[in-house]
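>>> I need the structure of the sequence given here:
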Amino acid sequence: MRWLKGDRTPEYWWPYIAQVLNLDVRVIDPPRAQPPADAGPDTVASALELGRSDVDRRNFVTASSGYALAALGLPDPDSITRRTKNPPAGAVRVGKGEVAAVQRMVISLGDSAAELGGGHARHLAVRYLTDDVAPWLNGTFTQATGRALFAAASQLMHLAGWMAQDEGDTPELRGLAQGYYAHAFRLAAEADDPELSATAPRGLAVQCVDLGFRAEAVQLGEACVDHGKHLDNARAIAYYEATLATAAAQDNDRHLATRHLAASETAIGRPAATPGDSWAAHYSPGRWAHESGMILSRLGDLPAAEEHLHLALDIHGLDRRRTRAIVHADLAGVRLRRGNLDGALASWNTFLDCADGIRSVKVQAALRDMRVRLRRFEGMSEAQQLRQKAAHLH
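From the prediction side, this is the model:
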């Protein structure tokens, strides 16, 4: 390697390469140097350009074929330090108030999307990034405030990615989701926030599961678990372990899936840390029960799957209409596979009650699935009533 001879100085990217390749940095110690000028685009500038392209509907973005860890890009470890030392001329002063404003907006927009689907108010979230948060990211702040601001911006970017992913299944929306998740990871890493750094690849892992990229989903799930392994947050650990279990189940790796499903169950059973506003902090026992039920369904354990879906609905409760709709649709599918047609029809009926007005690709997919499966029961009045009821949904 040229850098071993001193021809190149890889201080910028060496720690990430060493981590991926499991190299001992004490044995191979590269020369010290500043990041090269062409190390890559500034994370803030790149994130804001992505948001502006989304708002203006220009520079058609499609998902890269390079899913897995490479899609996340390399963070710039000195980004905040450079900005504290050399703020641009005319930069606004940023303090705790601005950081709190971003955090509050992420909660408000996230609550709305969780209730009504990612297609609801997505562009409001992106415009908030480009119009309101942009001057703060380019403002003047202390090191501590900069880290908090970058962490809050990471959450906003992750939310925009989730909204794009949940809005639809077009190449453009897939590409936007991938781009937002990648920038969420870079901002989190630059803020030195391990929980947010683990949550961003989780979003990409779920996207890979949805698209059928099985090996990539497992690799990204493993990255989630690795990034979050030292966190003192039981719900976050459960969140990442269940992500890997989901990916492994889709990959037909029963051993890996059951091992990490058990790890997630252990974690979700521990007392929750002080309630926070991070993405993983909202991973409730009800959401865990739903995800676990679908993992068990993929593994073929339908009785346990139905039990967990009932647990999600009847014991823990789910306070978001979008989530309740998806769980009822999943329960209908499990009941149908178990030969319980009456139970499946009842669950689909409740699903339709919850689904009205929700803009979510998962709800639309469940609606299409229901319509196809009901064709098997043309002569049943209950099935005909469901088809008529579903005809009013789009």
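>>> which one is Gly146 nearest to, not counting chain neighbours?
Nearest residue to Gly146, sequence neighbours excluded (Cβ to Cβ, 6 or more residues apart in numbering): Ile80, at 4.0 Å. Placement of C-beta: from N, CA and C, glycine included.
>>> How about Trp348?
Ala332 (4.5 Å).
>>> what's the answer for Glu167, then?
Gly119 (3.9 Å).
>>> re the thing from before, host element of the residue nearest to Gly146?
Using DSSP states H and E, the element containing Ile80 is helix 79-85.
>>> List the buried residues in that helix.
Ser79, Ile80, Arg83 (16 or more other Cβ atoms under 10 Å).
>>> low-scoring stretches of the chain, by residue?
Applying pLDDT under 70 to the chain flags the ranges 1-40, 58-74, 273-278, 317, 394.
>>> spatially speaking, which residue is in the middle of it?
Centroid check for the chain by Cα atoms, centre = their mean gives Gly203 as the closest residue, at 2.6 Å.
>>> for the helix holding Ile80, packing partners?
helix 43-56, helix 143-167 (3 or more Cβ pairs under 8 Å, 6 or more residues apart in numbering; DSSP states H and E).
>>> how does it look with 7 Å?
helix 143-167 (3 or more Cβ pairs under 7 Å, 6 or more residues apart in numbering; DSSP states H and E).
>>> so after the helix it packs on, what's the next helix or strand?
helix 171-190.
>>> Pull out the buried positions in that next one.
173-190.
>>> same thing with stretch 341-359?
Quick answer for stretch 341-359 (16+ other Cβ under 10 Å): 341, 343-352, 354-355, 358-359.
>>> do the same with stretch 316-331
Applying 16+ other Cβ under 10 Å to stretch 316-331 flags 318, 320-331 as buried.
>>> circling back: quick check on the residue nearest to Trp348: phi, psi?
phi -60, psi -40 (degrees, to the nearest 10).
>>> dump the residue contacts of it.
For Ala332, the contact set (Cβ atoms under 7 Å, 6 or more residues apart in numbering) comprises Ala344, Ser347, Trp348, Phe351, Met370.
>>> what's around Ala200, how many residues?
30 (other Cβ atoms under 10 Å).
>>> Please read the previous query as pertaining to Ala248.
26.
>>> my guess is it contacts Arg259, does it?
No - counting by Cβ atoms under 7 Å, Arg259 is not a contact partner of Ala248; they are 8.3 Å apart.
>>> want to try JSON lines for the contacts of Ala332, with secondary structure and distance to Arg93 as columns?
Formatted as JSON lines, the contacts of Ala332 follow (DSSP: H, G, I helix; E, B strand; the rest coil; distance: Cβ to Cβ, whole Å):
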{"residue": "Ala344", "secondary structure": "helix", "distance to Arg93": "59"}
{"residue": "Ser347", "secondary structure": "helix", "distance to Arg93": "54"}
{"residue": "Trp348", "secondary structure": "helix", "distance to Arg93": "55"}
{"residue": "Phe351", "secondary structure": "helix", "distance to Arg93": "50"}
{"residue": "Met370", "secondary structure": "helix", "distance to Arg93": "54"}
